[in-house]
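Sequence first, then the predicted structure, then my questions.
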Protein chains: 2
Amino acid sequence: MSSALDEASLSQLFLSARTYSAWQEKPVPDELLVRIVDLMKLGPTSGNCEPVRIVFVRSAEAKARLKPFLSQGNSDKTMKAPVTAIIGYDLKFYELLPRLFPHTDARSWFTGKPEHIQETAFRNSSLQGAYLILAARAVGLDCGPMSGFDQAGVTAEFFAGTDIKANFLCNLGYGDASTLKPRLPRLSFDELAKIV
Amino acid sequence: MSSALDEASLSQLFLSARTYSAWQEKPVPDELLVRIVDLMKLGPTSGNCEPVRIVFVRSAEAKARLKPFLSQGNSDKTMKAPVTAIIGYDLKFYELLPRLFPHTDARSWFTGKPEHIQETAFRNSSLQGAYLILAARAVGLDCGPMSGFDQAGVTAEFFAGTDIKANFLCNLGYGDASTLKPRLPRLSFDELAKIV
């Protein structure tokens, strides 16, 4: 039976983890990106549907393709981040269900149901994006997730010719803690939850 | 600077963590539910919007209210779980932004924009639901998340008189590993991601 992780691990994942906008001059090797995807993909999705698709934007050329679609407040920090992950979702995810969920005809749950496809892909790619954030923290990286960008523009630029849509962005690297401001307030337990 | 968590911690969070459908006869104390919410709420949301709202269904009376809305395959395991979390999202989340994101008029980003409100609440409550899953694992609990239920029915039964909508469910407890089947397949790195 598992017990709680030690305090240092809880701190790294949650308690002292922060959203970063400034980055140390320290690269993120490809092997670490593979590692966080290999952790992320083990997290649960409904019917094992795994709709997330990710582009890790690292080269100067690829960053330049991304820049026109960023909100003003997200542009500079994203250009300076070692890597920016585009978290997308594939609206054709259900075509893979005969392989991913082989013991029943799960593809038929979605065929001809575009609203159910969209909702399932968006929910589960968001879950998988959150797993990626926590996997990145778990291997020692820092994150800067963002929703402020032109989704249709990023979709057209990075996912042309596919059924993949952009969901959100997440800068990845080793954060510069000297630039952090105090953490924003959080709701109380009683505002967030109840036990019945 | 952080390094990677040790292998036992990565195992507990991802590598050997599984979705459970059967549960040990071991209760989940209220203090542990408060603990996982206190960890979850530190995870990032866009503009610190924190739209998630959670009902932890524990009593026999509350479980009986939930039962009619569960799909057949999710009913028995949910009735037997120590706790079932209803992960919801509040479409009025933006009314709290003057407190949660006080340095600008963030409420005006949403006023009169129902599609942007819905998308933001759904994306961020899904992220927060994933943080809850990993926070639960981090304190030694096991999870059984589910999308197979009548969302409108659960919304009407548990969130009547509010602007909160049900997103997904997650059973919580100490899993019975003797019932686990082999893990379902996952997509490869090259199917999920690319580096550009």
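All right, it came through fine. Numbering: from 1, shown residues only, chains lettered A, B, ... in the order given.

What lies in contact with the strand or helix carrying A:R53?
Element membership for A:R53, per DSSP states H and E: strand A:52-57. With contact meaning CB atoms under 8 Å, 6 or more residues apart in numbering or on different chains, strand A:52-57 is reached by A:33, A:37, A:40, A:63, A:65-66, A:83-90, A:124-125, A:128-129, A:132, A:158-159, A:164, A:172, B:192-196. C-beta: built from backbone N, CA, C; applies to glycine.

Which members of those residues are positioned in helices?
A:33, A:37, A:40, A:63, A:65-66, A:124-125, A:128-129, A:132, A:158, B:192 (DSSP state H).

which of those sit farthest apart?
For the ones in helices among the contacts of strand A:52-57, the maximum inter-member distance is 27.8 Å, found between A:K63 and A:N124 (CB to CB).

which one of these two has more residues nearby?
Neighbours were counted for A:K63 and for A:N124 using other CB atoms under 10 Å in any protein chain shown; A:N124 has more, 27 against 18.

Could you tell me the angle between the longest strand seen in chain A and strand A:52-57?
The longest strand of chain A (DSSP state E) is strand A:164-173. Angle, strand A:164-173 to strand A:52-57, by axes from the mean of the first three to the mean of the last three CA atoms, to 10 degrees: 50 degrees.

Is chain B within reach of strand A:164-173?
Yes: applying CB under 8 Å from any CB of the partner chain, one finds strand A:164-173 touching chain B at A:167-168.

shaky segments in chain A?
Within chain A, the stretches with pLDDT under 70 are A:1.

now with 80?
A:1-2 (pLDDT under 80).

Report the central residue of it.
A:G129 (2.7 Å; CA atoms, centre = their mean).

That one - nearest residue in space that isn't next to it in sequence?
Nearest non-adjacent residue to A:G129, counting by CB to CB, 6 or more residues apart in numbering or on different chains: A:I87, 4.2 Å away.

Please work out how many residues are found near that neighbour.
By other CB under 10 Å, the residues close to A:I87 number 22.

Would you mind measuring from it to A:K113?
Note on A:I87: its distance to A:K113, by CB to CB, to the nearest Å, is 23 Å.

and if you look at A:S188?
Here the criterion is CB to CB. By it, A:S188 lies 39 Å from A:K113.

repeat for A:E7
Distance of A:E7 to A:K113, given as CB to CB: 46 Å.

quick one: A:V28 and A:V83 touch, right?
Yes: if you go by CB atoms under 8 Å, A:V28 and A:V83 touch, sitting 5.1 Å apart.

where do the contact lists of the two overlap?
Counting by CB under 8 Å, 6+ apart, the shared contacts of A:V28 and A:V83 are A:58, A:172-173.
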